[in-house]
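S.K.: Return atomic coordinates for the entry below.
(4 chains)
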There are 4 protein chains.
Amino acid sequence: MAKVAFIGAGSFGFTRKLVTDMLSFPLLRDAEIALMDISDERLEYIKRAVDRIVDEGEYPATVTATKNRREALQDADAVICTILAGGVSVWRYDIEIPKKYGIDINVGDTRGVAGIFRALRTIPVMIDICRDMETCCPSAILLNYTNPMAMLCRAMQRETSIQVSGLCHSVQGTAAMLARWIGAPMEEIEYTCAGINHMAWYLDYEWNGEDAYPLIHKAITEDEDVYNVEQVRNEMYLAFGRYVTESSGHNSEYNWWFRKRPDLIAKYCTDGTGWNPGEYAYILHEYQKRETSWKDAIIEWLENPEPLDLTRGHEYAAHIVNAYVGGDPYKFNGNVPNKGLIDNLPEDACVEVPVYADRSGFNAIHVGPLPAQCAALNNLSVACEEMAVEACLAGDPTGVFHAVAYSPLTASMLSLAEIKQMVNEMLEQNRDYLPTFKHFKV
Amino acid sequence: MAKVAFIGAGSFGFTRKLVTDMLSFPLLRDAEIALMDISDERLEYIKRAVDRIVDEGEYPATVTATKNRREALQDADAVICTILAGGVSVWRYDIEIPKKYGIDINVGDTRGVAGIFRALRTIPVMIDICRDMETCCPSAILLNYTNPMAMLCRAMQRETSIQVSGLCHSVQGTAAMLARWIGAPMEEIEYTCAGINHMAWYLDYEWNGEDAYPLIHKAITEDEDVYNVEQVRNEMYLAFGRYVTESSGHNSEYNWWFRKRPDLIAKYCTDGTGWNPGEYAYILHEYQKRETSWKDAIIEWLENPEPLDLTRGHEYAAHIVNAYVGGDPYKFNGNVPNKGLIDNLPEDACVEVPVYADRSGFNAIHVGPLPAQCAALNNLSVACEEMAVEACLAGDPTGVFHAVAYSPLTASMLSLAEIKQMVNEMLEQNRDYLPTFKHFKV
Amino acid sequence: MAKVAFIGAGSFGFTRKLVTDMLSFPLLRDAEIALMDISDERLEYIKRAVDRIVDEGEYPATVTATKNRREALQDADAVICTILAGGVSVWRYDIEIPKKYGIDINVGDTRGVAGIFRALRTIPVMIDICRDMETCCPSAILLNYTNPMAMLCRAMQRETSIQVSGLCHSVQGTAAMLARWIGAPMEEIEYTCAGINHMAWYLDYEWNGEDAYPLIHKAITEDEDVYNVEQVRNEMYLAFGRYVTESSGHNSEYNWWFRKRPDLIAKYCTDGTGWNPGEYAYILHEYQKRETSWKDAIIEWLENPEPLDLTRGHEYAAHIVNAYVGGDPYKFNGNVPNKGLIDNLPEDACVEVPVYADRSGFNAIHVGPLPAQCAALNNLSVACEEMAVEACLAGDPTGVFHAVAYSPLTASMLSLAEIKQMVNEMLEQNRDYLPTFKHFKV
Amino acid sequence: MAKVAFIGAGSFGFTRKLVTDMLSFPLLRDAEIALMDISDERLEYIKRAVDRIVDEGEYPATVTATKNRREALQDADAVICTILAGGVSVWRYDIEIPKKYGIDINVGDTRGVAGIFRALRTIPVMIDICRDMETCCPSAILLNYTNPMAMLCRAMQRETSIQVSGLCHSVQGTAAMLARWIGAPMEEIEYTCAGINHMAWYLDYEWNGEDAYPLIHKAITEDEDVYNVEQVRNEMYLAFGRYVTESSGHNSEYNWWFRKRPDLIAKYCTDGTGWNPGEYAYILHEYQKRETSWKDAIIEWLENPEPLDLTRGHEYAAHIVNAYVGGDPYKFNGNVPNKGLIDNLPEDACVEVPVYADRSGFNAIHVGPLPAQCAALNNLSVACEEMAVEACLAGDPTGVFHAVAYSPLTASMLSLAEIKQMVNEMLEQNRDYLPTFKHFKV
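M.R.: Below is the predicted model of the structure:
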């Protein structure tokens, strides 16, 4: 009987979806679902929600809820992490302080100045979770959904012995979007996608064994509607010849080309018709709205008399857990250490590549070199991420400054002196959330 | 009896200085100095100049002059290259076209959009020279002074069997400047400098065996005059903790932080008191002035009745040639292929590291990893340079676009679409100088 | 509809078994089975045999037979290679000439002096097959069963663009033997096996998630019958702490420790109770017997009125082909180029590691470093194999001598001068079979 | 004023020669020579000897003698190590126990079973010396002459922060021998020699810029006297095409080809006319003789009324120390960590390559790959050495067994079980000299 622990179980959307998926596998229908959160209130709601799923599915699973992390982790086979370290009240400064310096951030959860500060706050918590796992369930796999993905996974993979893979929707989501654009059923599509989280590249994308890039190119260049869905990413594709994962809004803040001038924001980051064309502080605003509405939403869900939809969804996590406890091997794109996987990214950096999960754990696939024009962008991001992770682990403000100074959007707008000032302001604002730091000034 | 060939001998300053230096070595005083240039007029003047040096020094050397490159190269032991491929008339567009797009370039001879186009024009010529050497003097060393140093040397090192090292004054020049700042006699200074051309870092800098960086730091932060000599480089030092080679003007165009906004140019690139604080088109204007004055200058030199100063100067080249023909080994900073030399720059890239010249040729020294914040800037430049060299060798306009798109100053100012337009305009302007290209549009 | 080509289809055992397996997969039941052999007689028999399988299984498959290799390969999805290049009449000298020098060889199909000469004869043929595939079916996978596995695969992987994986029974066979020894059902066993062909190591071997090596150790040291099954391999396990693949006889000729003295052969290579304890020329003698009996055997099979057993067997090949044409991904141990897979074996050497086959082809898994005492033996063998492959491709007798001189069994018995003499005798004997060589004397 | 410490100063020959050499350099004539030994008696004699050198040379140097190692090391610029850890009374078993098992050892100071046990005894002492240096003179260079060179240097380079280079006469000695054979004055010879200690290869060997290997080949194959000087090494050259360093006797015990059969010893290791053709226990016997004669010899030297010869000799050490304290750079072959130096030997292994000593310390030169047939022998030795060093540092008897089991001469003669028995006997005999070990049985 498998045990799956959810750390940060109060992320209602994730937990409900992943529990639903998992229980749909014969090997997991009798699993122990161990829910853990630091909020009593959220824990109570999610317990009720998972109980409802188990009841309606008539599964022989058991559900436990606890604020004691080690209790939840004890003897687990797999751990799902969906925590948020520090709430919107501190997170907002990741977006709002840079804005004072002219840096216009759309999401700020991945990289760049906002992502780096989010990492500084979150890495110590993630490492604590892994330390607990080393004690309570050393051979369990950890599937991480918390952002910033690459920096968090890198820190855990570097510092602890836990098998960690970061998971993200963007690979399968983008692949499905491209398939729609060319009118292909997804099951006839085969691709190799590799790079780093939120910035992985479809190295090949085939429809029934034939290269489908010419069709994608035609759609983007000839169909205005297709162009408009993802203006930033389509421009990147037109420049570099490979499609990149994640939304246009996200990508607009990972490089220099789209958000440094107001006219460019207006041109590329405003009118896109996809889910996130690039609005300032888009996700922060979403979270701020949820702060008042989440309770109503979960109550409504719990009281909704309609039967639940218990069919399996498209997230990777349940398939991976099923493979690890002995089910069919499962191929996904995971965030794992670069041990000979992508030749032209740094050894040991956290890369996003095809991985087979099976009973032996994660089996990452050798990809080879990325095209030079794709590797260049990844490499600069990796350099920033390596400096930020090292700075966090060493508690070194100067390393934070270096990481931000090289972050493309910041680098394209500010001088070194201005960057130093901004970083100092942010260090000061975050001082209560940075346990590894002893001083807060570069 | 050694033979040294000067290709581009009409670079009067270089040739006179290097010939003077070489003849001062006992092993080279009877050398054959083979002067080669494509201009009859320049060749005639330089022949007279070198003859004067030989006469005044009463050296048993022989001097030949020829427009036939293979004749000059035949059986040479060492070759000095100081050519300029394409004159000011085409070069000016490397500076002036980007300016139309807002890119304000100071020198444009090394990297960035101007350096890349200079490389596109010059690489084919350099490879031709090496091909001739493979025939006429396969074991001769080639000492290259022509810019853009890193891209040219990389292309020759990648494509030919000739032992090439690029040479540049900036390492010894900067070291001497730092010594002056701290009041140290140069002979008591020891340093390790490594990175890429014009962007190498003093990893350590010692005065009589003690770390002198604290003294340098004190001078920069407490002495306004010292700060003002090199505003850009001092700011870089204050941010990254290692001093970088080449002038502030040069460095201001290699990254994003100093030239992208008019106020930053005013603040950092205008009032510096060093030789090149960062004025727009500084070297281009110098060359344009020389176009009318060079003849008067050489005639004046030839007719000047004062005896010549024949003491040996500080250029590396003569020492290296002397070492290669059997004299004392000589340590210098050369531009050589990264064969296990700098751990965190790409294998085979052209790096600038300590090299011992001796009878066996160039013996490059393993340096180890650069500090992360230094490697990050070098790596991005290397990525651009690798893409540009590959694009040149393949005759691929798209690769040129990629190389320019990642060049920091351009990346910090333009969108991808704007960069593409600029690159196309420059390709069109250069079409007569790009023999490897079949089309000129991205 | 898939097409599978069998090159060397006259290897009756392999072809019948693999065809039976393949047709048992829904995706392959209507496949085209293209049989190719250089012998009319064998081709006729195997055509009848495969027809019988198709008929009894009532499969909608089509069967073709041809001596024209390109015809068989045209548009194939997968190619199975089971050829023997040069028959027993030449092969015998691989065993008999060394015997004159005191080298007592048991099988001689993998490495050592006999394996090297077999490679010299076979590599040119294998490369020809790949060249035909590059023309006729460039995206087909090639599954090779022909020995010497590592040298042949290395040559094809180095010289051609075809996706090749070598396949061997020894990994699953040994794993099953160990399971029997400890009384475990195979489906509860999980292992990671990596190294080189016939000399791969079970890095871990778990029964229901627990390390089973203590049980294996107990069986070997406490149960005389278990010890006696595999004397050589059990001694190797007792020395090095990891179990190795392939029979004791095979292994006894891959190192220095078991066959160099008559008393050691008597002690370790004679009385083992496994299928191949180590008898001199064991496989050669088997083949010599078959030379007269094969026809009777196939006729008997064809005329046997008993219904065929069409259940799927344990060979990897059919599963792999099924995965490649769109069936379930399949994990196997394949012989693939070492692209970042085993850290302490040479890059690009042919290694045997876990591989996932799926629609994208072969996805090799990063293994990490082998234990030092395992890597040492593999590395010496790889060194010999690399020298032999290079010598074959260059047609260089000296390289053959080097490869043999380092082969452990030879090295432990002869002087360099004796080895040179033996190699010269063998080169002379093989001169008609070595198309890449122009002279035959070291 | 420089300070040079001699650890193991009672190695009279070395100390007298090196002191004589050092004082001949202007920069070192006023040096402090700090003599340290564990024997009062030897210390007294060497103090008198060095005083005599200083007096006769009328040098302003100061000489101190102490049994306190830290006192000798305090503030030293360079340290010379010539210790012998454990005397002939224990060392004899390194030779005599293997002999009982049939292993006939000539020197036993480098590698193989005898070298490995010598390393086990000596590594802890060497690391202690480095630990003292880390305290007393952290930036001093350590020049080590104690054997087994590669294993000792590797252990120090791996475990401590001290700059260590091992030094050996064999590179310059062999080069001079080859020059004599072809009648060339040594000053017209240039070579590149690289590999591992006592097994480095002259990759090129030029006389006035021309490849001299054809002349060497002619001498060896046509002049019987030349052949007879170095039978083993000449055979190795004839097989592998590159000449190897160290005597024939030494080399005969590093591989499988010359000492495993009595007839081969008779043929190759007995009648050579060089200084060490390969006699059993040659050096051990020499040392045993010296045990009774050393005192007379040093007294005779001290009382000899002839004036000393104070001209500089051919050892590397004094030149290196001179370069490190600011004299001319000096190129030598040193034993240093393989940081990108020899491409096809393991990273970080101790390799012997060209090194430039100068004020910055040791500057090792990138060599590239060795020829495959040379790398193969080096790699196997490195594998044994890495296992032995790891076993020593971990105190692991099993690792010692592995290292011995792969040592070629042992591997060519014994079974694994016999090797285990021999290793156990030696561990038992050495138990008082192995501080890192807790048990002494494999």
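
S.K.: In contact with the residue in the stretch 151-300 of chain A positioned nearest to chain C, which residues are there?
M.R.: Scanning the stretch 151-300 of chain A for the residue nearest chain C gives A:Glu190, at 5.1 Å (criterion: Cβ to the nearest Cβ). Where you see a C-beta, it was placed from the backbone N, CA and C, and this is true even at glycine. Residues counted as contacts of A:Glu190 (Cβ atoms under 8 Å, 6 or more residues apart in numbering or on different chains) are A:Asp204, A:Glu206, A:Gly209, C:Arg359, C:Ser360.

S.K.: what about burial for these, which qualify?
M.R.: The neighbour count (16 or more other Cβ atoms under 10 Å in any protein chain shown) marks A:Glu206, C:Ser360 as buried among the contacts of A:Glu190.

S.K.: of the contacts of A:Glu190, closest to chain B?
M.R.: So of these, ranked by how close each gets to chain B (Cβ to the nearest Cβ), first place is A:Asp204, at 18.4 Å.

S.K.: what mean pLDDT does the one helix or strand that closest one maps to have?
M.R.: Assigned by DSSP states H and E, A:Asp204 belongs to strand A:199-207. Here strand A:199-207 scores 98 as its mean pLDDT.

S.K.: how far out from the middle of the chain is that strand?
M.R.: In terms of Cα atoms, centre = their mean, to the nearest Å, the centre of strand A:199-207 is found 19 Å from the chain centre.

S.K.: how near is A:Glu315 to A:Gln172?
M.R.: 9 Å (Cβ to Cβ, to the nearest Å).

S.K.: Check the secondary structure at the residue in chain A that chain C sits nearest to for me.
M.R.: Relative to chain C, the nearest point of chain A is A:Gly340 (2.2 Å; Cβ to the nearest Cβ). Taken by DSSP: H, G, I helix; E, B strand; the rest coil, the conformation at A:Gly340 corresponds to coil.

S.K.: Close to chain C: what parts of chain A are there?
M.R.: Residues of chain A lying close to chain C by Cβ under 8 Å from any Cβ of the partner chain are A:139, A:190, A:192, A:209, A:328-329, A:331, A:339-341, A:343, A:354, A:356, A:358-360, A:363-366, A:368.

S.K.: Check these for burial and list the buried ones.
M.R.: Buried, going by 16+ other Cβ under 10 Å: A:190, A:192, A:329, A:331, A:339-341, A:354, A:356, A:358, A:360, A:363-366, out of those.

S.K.: circling back to that earlier point, which of the contacts of A:Glu190 sits closest to C:Glu96?
M.R.: C:Ser360 (45.8 Å; Cβ to Cβ).

S.K.: Can you verify my assumption that that closest one contacts A:Thr192?
M.R.: Yes - using Cβ atoms under 8 Å, C:Ser360 makes contact with A:Thr192 at a distance of 6.3 Å.

S.K.: For the contacts of A:Glu190, work out which two are farthest apart.
M.R.: Largest pairwise distance in the contacts of A:Glu190, by Cβ to Cβ, is 11.6 Å, between A:Asp204 and C:Arg359.

S.K.: which residue ranges form the helices in the stretch 201-350 of chain A?
M.R.: Under the criterion DSSP state H, counting those that start in this stretch, helices of the stretch 201-350 of chain A are mapped to A:213-222, A:224-229, A:231-240, A:248-252, A:262-268, A:282-303, A:317-324.

S.K.: Okay, buried residues for the longest helix anywhere in chain A please.
M.R.: When chain A is parsed with DSSP state H, its longest helix is helix A:112-136. Across helix A:112-136, burial judged by 16+ other Cβ under 10 Å covers A:112-127, A:129-130, A:132-133, A:136.

S.K.: filter those down to the ones near chain D?
M.R.: Counting by Cβ under 8 Å from any Cβ, no member of the buried residues of helix A:112-136 reaches chain D.

S.K.: Among the helices of the stretch 201-350 of chain A, which comes closest to chain D?
M.R.: helix A:231-240 (31.8 Å).

S.K.: Quick one: mean pLDDT over that closest one.
M.R.: 98.

S.K.: Quick one: distance of it to the chain centre.
M.R.: With Cα atoms, centre = their mean, you get 22 Å for helix A:231-240.

S.K.: Report the angle between that helix and helix A:213-222.
M.R.: 120 degrees (axes from the mean of the first three to the mean of the last three Cα atoms, to 10 degrees).

S.K.: burial of A:Asn141, as a residue count?
M.R.: No Asn there; residue A:141 is Ile. For A:Ile141, the neighbour count with other Cβ atoms under 10 Å in any protein chain shown is 23.

S.K.: Would you mind listing the residues in contact with the residue in the stretch 251-400 of chain A that chain D sits nearest to?
M.R.: Using Cβ to the nearest Cβ, the single residue of the stretch 251-400 of chain A nearest to chain D is A:Glu347, 12.1 Å away. Neighbouring residues of A:Glu347 by Cβ under 8 Å, 6+ apart: A:Asn338, A:Lys339, A:Gly340.

S.K.: contacting residues around the residue lying closest to the last one once chain neighbours are set aside?
M.R.: Spelled out, it's A:Gly340. In this structure, A:Gly340 finds its nearest non-sequential neighbour in C:Gly340, 2.2 Å apart by Cβ to Cβ, 6 or more residues apart in numbering or on different chains. C:Gly340 makes contacts with A:Lys339, A:Gly340, A:Leu341, A:Asp343, A:His366, C:Glu347, C:His366, as judged by Cβ under 8 Å, 6+ apart.

S.K.: please redo it, this time with the cut-off set to 10 Å
M.R.: A:338-343, A:347, A:364, A:366-368, C:347, C:364, C:366-367 (Cβ atoms under 10 Å, 6 or more residues apart in numbering or on different chains).

S.K.: ok, back up a step: now the angle between helix A:213-222 and the strand holding A:Asp204, please.
M.R.: 110 degrees.
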